[in-house]
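Participant: For reference, the sequence and a predicted model appear below.
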Amino acid sequence: MANRKTMLLWAIPVAIIVIWSASLLLLTSPAKRAMRSLPAFGEYVTEVARAKYPDRQFELVADAKAIRSADKTITIENLYEDIRSAEAGAEDIDGWIQDHLELAITGRAPAQANRRRPLAPVQTPPWEEAQGNLLPHLVSAAHAQRIQGLVHREMAPGVQVAYTIGFRDMSILLVTQEDLEVWGVGEPQLYEKALANLANATQGLRVEPTAPRDPQAKGKWAGISARDGFDSARILLPSVRQELARALGEPFYFVMPVRGFLVAWSKDFGEQQQFAQRARTDFGQQPQNATLSPEVFEGTASGFRIAAVQPAPAQAAAPAP
């Protein structure tokens, strides 16, 4: 049985966020009543935040998937799913919420978080069951180093490909070396299978380019938005790169500041400075376990790399694509 590392997957920009269903639970305490749905949980987290930080203003945003305070947006959707999966008691629910808030507001993990009751170990499923649910899960290189036993490979400087199990039920379990030992398979086999599964989930994808907001500007841009949390990983698929090359020409350029988000543009795109700056801003504002890279990448149908020349900072950031 693998004592698997369980991840909190942070929300991505609202335009491409995955909508998770929430079941109704018949519970009694305020904390447990909050678990009946994501909106109820969001209201409860907002109350806890106001009590913990009375000098700050908080509001529920993004269809109850996040709360906002001044310049900080704190995602809560996957915290909710993690607590639900753990079947946590009322005291643990409050503790996890407060730890989550403290880390987001101060950037420091509270000492008591290390004493919080861990999630129950999850048994490694049989390979026959797991292989159909494997998908690539991108993480930053810095974050990958903090997860003991994580199976991963380099995608690009600063970005690693890890693997998830259980896409069908929105699992947030990452594959570890212990899983490989149970299955008797190697990482290359995981990579091949994960990309095949992602390709199957991407069939029929067609990229439709969009003109710049400024009618005088040249070029075009396009986003990958399957709304399943794996959009940034789709750049690994030759079929997706071919589609981007068809729509935007070669080379095209793209950014993936956070997991599950990818926007690309043509070589002559007139607003590339604004898009690149927005990517750097998003990268700097999100928690490290959600971010991927602040860089602009250059892509073709045959592959991609970090662009040799990065766009200079724009004077004003563009609205989110």
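Facilitator: In hand now; what should we look at?
Participant: what residue ranges in this structure score low on pLDDT?
Facilitator: For the chain, residues meeting the criterion pLDDT under 70 lie at 1-29, 85-91, 108-122, 166-172, 227, 287-289, 311-321.
Participant: so what's His152 up against?
Facilitator: Counting by C-beta atoms under 8 Å, 6 or more residues apart in numbering, His152 touches Val139, Ala144, Gln160, Val161, Ala162, Tyr163. C-betas here are computed from N, CA, C, even on glycine.
Participant: tell me the SS of the fifth one?
Facilitator: Three-state call for Ala162 (DSSP: H, G, I helix; E, B strand; the rest coil): strand.
Participant: and the gap between it and Glu154?
Facilitator: For Ala162, the distance to Glu154 equals 11 Å [C-beta to C-beta, to the nearest Å].
Participant: Correct me if wrong: Phe230 contacts Pro136.
Facilitator: Yes: between Phe230 and Pro136 there is a contact under C-beta atoms under 8 Å: 7.2 Å.
Participant: Could you pull out the residues contacting both of these two?
Facilitator: Shared contacts of Phe230 and Pro136, defined by C-beta under 8 Å, 6+ apart, are found at Leu198.
Participant: ok, the contacts of His152 vs Glu250, which is closest?
Facilitator: Among the contacts of His152, Val161 lies closest to Glu250 (C-beta to C-beta), at 23.5 Å.
Participant: Have a look at Ala162 and Glu154 and say which one is more surrounded.
Facilitator: Per other C-beta atoms under 10 Å, whichever of Ala162 and Glu154 has more neighbours is Ala162, with 24 against 11.
Participant: That one touches Ala144, doesn't it?
Facilitator: Yes: counting by C-beta under 8 Å, Ala162 does reach Ala144; the two are 6.5 Å apart.
Participant: what is in contact with those two at once?
Facilitator: Leu150, His152.
Participant: can you give me the strands in the chain?
Facilitator: 59-61, 66-69, 72-75, 135-140, 153-156, 159-165, 173-174, 221-224, 252-255, 262-266, 297-300, 303-306 (DSSP state E).
Participant: For the third one, which strands pair with it and how are they oriented?
Facilitator: Paired strands of strand 72-75, with direction, are strand 66-69 (antiparallel) (DSSP bridges).
Participant: would you turn the contacts of His152 into JSON lines with distance to Trp221?
Facilitator: Shown next, in JSON lines, are these (distance: C-beta to C-beta, whole Å):
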{"residue": "Val139", "distance to Trp221": "26"}
{"residue": "Ala144", "distance to Trp221": "29"}
{"residue": "Gln160", "distance to Trp221": "26"}
{"residue": "Val161", "distance to Trp221": "25"}
{"residue": "Ala162", "distance to Trp221": "28"}
{"residue": "Tyr163", "distance to Trp221": "30"}
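Participant: For those residues, work out which two are farthest apart.
Facilitator: Ala144 and Tyr163 (11.5 Å).
Participant: okay, those two: which has more neighbours?
Facilitator: Tyr163 (24 against 20).
Participant: Counting neighbours, what do you get for the residue nearest to the more buried one when sequence neighbours are not counted?
Facilitator: Counting by C-beta to C-beta, 6 or more residues apart in numbering, Tyr163 lies nearest to Val175, which is 4.0 Å off, once chain neighbours are set aside. Using other C-beta under 10 Å, Val175 has 26 neighbouring residues.
Participant: you'd agree Val175 is up against Val151?
Facilitator: Yes: between Val175 and Val151 a contact is recorded at 4.8 Å, counting by C-beta under 8 Å.
Participant: can you give me the helices for the stretch 51-200 of the chain?
Facilitator: 77-86, 90-106, 127-130, 141-145, 177-183, 187-200 (DSSP state H, counting those that start in this stretch).
Participant: who wins for proximity to Thr46 among the ones you listed?
Facilitator: Closest to Thr46 of these is helix 90-106 (C-beta to C-beta; 10.3 Å).
Participant: Buried residues, the closest one. List them.
Facilitator: Judged by neighbour count using 16 or more other C-beta atoms under 10 Å, the buried positions of helix 90-106 are 90, 93-102, 104-105.
Participant: Spatially central residue in the protein, please.
Facilitator: Arg259 (3.4 Å; C-alpha atoms, centre = their mean).
Participant: Could you check how far the nearest residue to Glu77 once chain neighbours are set aside is from Thr106?
Facilitator: Nearest non-adjacent residue to Glu77, counting by C-beta to C-beta, 6+ apart: Lys65, 4.2 Å away. Separation of Lys65 from Thr106 (C-beta to C-beta): 22 Å.
Participant: List the contacts of Leu135.
Facilitator: Tyr163, Thr164, Phe167, Ala194, Asn197, Leu198, Ala201, Phe230, Ala233.
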